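Student: Task: produce atomic coordinates for the following.
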Amino acid sequence: MCSAMATFDLLAELPLRVESYSLEALSAEISPEFTRHCTLVWMHGAGHSGVGEDVTYGEEEQAAFQRAGAVHQLGGSWSLAGFCEAVEQLELFPDGSTNEAYRLYRIWAFQSAALDLALRQAGIPLHQALHREPRPMTYVASTRLGEPPTLEAVSKRLALDPTLRFKLDATSSWGPELIAALVQTGAVDSIDFKGLYKGSPVDQAGDPDMYQRVAAAFPEAWLEDPDLSLPETRAVLATEHDRITWDAPIHSIADIEALPFPPRMVNIKPSRVGSLKQLCAMYDYCAEHGIGAYGGGQTELGAGRGQAQYMAALFHPQTPNDLAPAAYNQADPPAGIAPSPLVADFDEPGFRWPDPR
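Tutor: Next up, the predicted model:
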């Protein structure tokens, strides 16, 4: 931190005037198998509007949210801290969803919109409120290689930008030839084992043979979310703790403290944490304990991507942030995507990347 004051304390007393809020539906086909649905939450007051993005993955949950509309009584004069506390007490799912991750995503949508609005009403950008200078943000592009896996997704993106770096989802189907071809690119910064996802389309069971092949082939790469519940996987990665990172289980400081060993690096996704206060506390905790951080995305379609990029530019700009411009999520990314590191002019008041990506 740049001062002895806790990061959230620099924001807590920002005055906030809310007159109304509204919802905006977004959708985009990411692949033939996956259409992404998100909702922008717009907060309005004193001639300004602030925006946040709900990245809840359930299509029905998004549809129910949009159908219900602006049902909560949020109007009035608040401190930002008071508003955030009030949001956390609301039932934000009209269908009564009990998915805790989704609840955090929606809390972040409301609280990030409120932060954007409060800063705009105050006439200052986020970095000024936090006494930090945003720096060029390094990013990696995240992708899967299909089944059966091929080098196509990587080659296609390297053709657009030969300097591009990658975070790749490893699967048991990665054979020696594919791994050798990936090594030859010299472009792999991170491997995501997806070992902690359960019941999702990207589940990958703990596979000691695959872990061993990948760890040996990419000795400098970060290794994210291995499943260490099996003696065999723990043994294979026993000497790799310094480069094991964590993403899926990280929602709070308590989650960091519950990891099987102290990490050198964790993935901090603002929407996964949910609470602005807890997000700020996590940045402070990592700084105090010498834990590195990198940011991650949630296939955002609107302002949420830029807001995650903004946080990365303030708190961990030079790590392998999984926050490439959203165009890289397309099956066929277009030419002309801004290269890493991303730079921007942050003079505009509020909490938005000046050129949303």
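
Student: Give the buried residues for the lengthiest helix in the chain.
Tutor: In the chain, assigned by DSSP state H, the helix with the most residues is helix 100-122. By neighbour count with 16 or more other C-beta atoms under 10 Å, helix 100-122 contains the buried residues 102-122. For the C-beta atoms, the positions are set from N, CA and C on the backbone; glycine is no exception.

Student: try stretch 234-242
Tutor: 234, 236, 237.

Student: Return the distance of stretch 268-281 from the chain's centre.
Tutor: Using C-alpha atoms, centre = their mean, to the nearest Å, the mean C-alpha position of stretch 268-281 is found 10 Å from that of the whole chain.

Student: One more: stretch 341-357?
Tutor: 17 Å.

Student: returning to that earlier point: quick check: mean pLDDT across the longest helix of the chain?
Tutor: Taken as a whole, helix 100-122 has a mean pLDDT of 97.

Student: and what of stretch 134-152?
Tutor: What stretch 134-152 shows for mean pLDDT is 96.

Student: I'd like to know how many residues surround residue 169.
Tutor: The local packing of residue 169 (other C-beta atoms under 10 Å) involves 19 other residues.

Student: My read is that it contacts residue 141, right?
Tutor: No. Residue 169 is beyond contact range of residue 141, at 11.9 Å (criterion: C-beta atoms under 8 Å).

Student: So which bits of stretch 202-219 are buried?
Tutor: 204, 206, 207, 208, 210, 211, 213, 214, 215, 217, 218.

Student: gap between residue 78 and residue 50?
Tutor: Distance from residue 78 to residue 50, counting by C-beta to C-beta, to the nearest Å: 13 Å.

Student: Phi first, then psi, for residue 266.
Tutor: phi -140, psi 160 (degrees, to the nearest 10).

Student: Endpoint to endpoint, stretch 332-346 covers what distance?
Tutor: Using C-alpha to C-alpha, to the nearest Å, one end of stretch 332-346 lies 30 Å from the other.

Student: State the mean pLDDT of that stretch.
Tutor: 95.

Student: do stretch 232-241 as well
Tutor: Computed over stretch 232-241, the average pLDDT equals 98.

Student: same check, this time on stretch 274-287
Tutor: Per-residue scores along stretch 274-287 average to 98.

Student: Check which residues of that stretch are buried.
Tutor: So stretch 274-287, judged by 16+ other C-beta under 10 Å, has buried residues 274-286.

Student: swap in stretch 30-47?
Tutor: Buried-residue list, stretch 30-47, by 16+ other C-beta under 10 Å: 36, 37, 38, 39, 40, 41, 42, 43, 44, 45.

Student: Closest one of those to residue 24?
Tutor: Nearest to residue 24 among the buried residues of stretch 30-47, counting by C-beta to C-beta, is residue 40 at 4.0 Å.

Student: How about the contacts made by residue 289?
Tutor: Going by C-beta atoms under 8 Å, 6 or more residues apart in numbering, residue 289 touches residue 262.

Student: and if you look at residue 114?
Tutor: Each residue near residue 114 by C-beta under 8 Å, 6+ apart is listed here: 16, 18, 43, 50, 52, 80, 83, 84, 87.

Student: Name the nearest residue to it, ignoring sequence neighbours.
Tutor: Distance criterion C-beta to C-beta, 6 or more residues apart in numbering; nearest residue to residue 114, sequence neighbours excluded, is residue 83 at 5.1 Å.

Student: in this protein, which spans are helices?
Tutor: Going by DSSP H, the chain shows helices at 9-12, 59-68, 80-88, 100-122, 126-130, 152-160, 176-185, 208-217, 231-236, 253-257, 270-273, 276-288, 303-315.

Student: Figure out which of those helices is closest to residue 194.
Tutor: Per C-beta to C-beta, nearest to residue 194 of the helices of the chain: helix 208-217, 11.2 Å.

Student: Could you measure from the residue sitting furthest away from the middle of the chain over to residue 210?
Tutor: Within the chain, residue 177 marks the point farthest from the mean C-alpha position, 31.6 Å out by C-alpha atoms, centre = their mean. Using C-beta to C-beta, residue 177 is found at 15 Å from residue 210.
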